[in-house]
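Enquirer: starting from these lines, generate the structure:
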Amino acid sequence: MAPCPRAGLRARPGGRPRARLRRTAGAVLLALAVTGAATGCDAAKEAAGDLVSSATAAVSSAARQKMDEIKDGANATGDVSAGAASADGDRTAATITAANPGAATADYTVMVVFRDDGGNLLDTVVLNIGSVPARASKSGTARSNRTLEGPTTAEIARALRH
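Expert: Okay, the predicted model is just below:
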């Protein structure tokens, strides 16, 4: 028998090793497809969930970095509140209100997190509410970066007055 240099296989007399390799590979793939059909949807859902989790973590990290860029900001989490989250087209939105207790106009940068009814993090956004007058309130709308499914709440994770 002559050796098959690419696959390390020996050809049968009169046989073609590549054709046999293709038939074997095809049979293996068919067997995997048939046996994996029942779990294919579950695996796809799990893979999609992993991608969403990774994307959510990346967005959350970017939001934290954006907040860290603000120099000389004072913690103002107590000055800011989130309204109820609701559908806004294909996104989820919530009204965020900053109440400026100071004697001068201030800007607010707010990190808002959207969570499902189980408390799981779905999305994170950073909202700027500029020029809030002294001893007054001003609102802005935080919109999710993507479509969120199911009941969702908006929470203030961090707020800075600057």
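Enquirer: please name the nearest non-neighbouring residue to residue 140.
Expert: The shortest distance from residue 140 to any non-neighbouring residue, by C-beta to C-beta, 6 or more residues apart in numbering, is to residue 129 (4.4 Å). C-beta here means a position set from N, CA and C on the backbone, and glycine is covered the same way.
Enquirer: list the helices and strands the helix or strand where that neighbour lies packs on?
Expert: Using DSSP states H and E, residue 129 sits in strand 121-132. Strand 121-132 sits against helix 17-68, strand 91-100, strand 106-116, strand 136-143, with contacts defined as 3 or more C-beta pairs under 8 Å, 6 or more residues apart in numbering; DSSP states H and E.
Enquirer: ok, residue 138 touching residue 96?
Expert: No. Between residue 138 and residue 96 there is no contact under C-beta atoms under 8 Å: 9.7 Å.
Enquirer: the two: which has the busier surroundings?
Expert: Neighbours of residue 138 and residue 96, each counted by other C-beta atoms under 10 Å, are more numerous for residue 96; the result is 23 against 18.
Enquirer: and the pLDDT for the more buried one?
Expert: Per-residue pLDDT puts residue 96 at 98.
Enquirer: contacting residues around it?
Expert: Neighbour list for residue 96: 80-83, 110, 112, 127, 129, 139-142, 154, 156 [criterion: C-beta atoms under 8 Å, 6 or more residues apart in numbering].
Enquirer: separation between it and residue 118?
Expert: Distance of residue 96 to residue 118, computed by C-beta to C-beta, to the nearest Å: 23 Å.
Enquirer: related to what we said a few turns ago, ok, and what's touching the strand holding residue 129?
Expert: Taking C-beta under 8 Å, 6+ apart as the rule, strand 121-132 contacts 56, 59-60, 63, 66-67, 92, 96, 98-100, 105-116, 138-146, 148, 152, 157.
Enquirer: drop anything exposed from those residues.
Expert: 56, 59-60, 63, 67, 92, 96, 98-100, 106-115, 138, 140, 142-145, 148, 152, 157 (16 or more other C-beta atoms under 10 Å).
Enquirer: lowest-scoring secondary structure element of this protein by mean pLDDT?
Expert: Least confident helix or strand of the chain, by mean pLDDT, DSSP states H and E, is strand 9-10 with a mean of 43.
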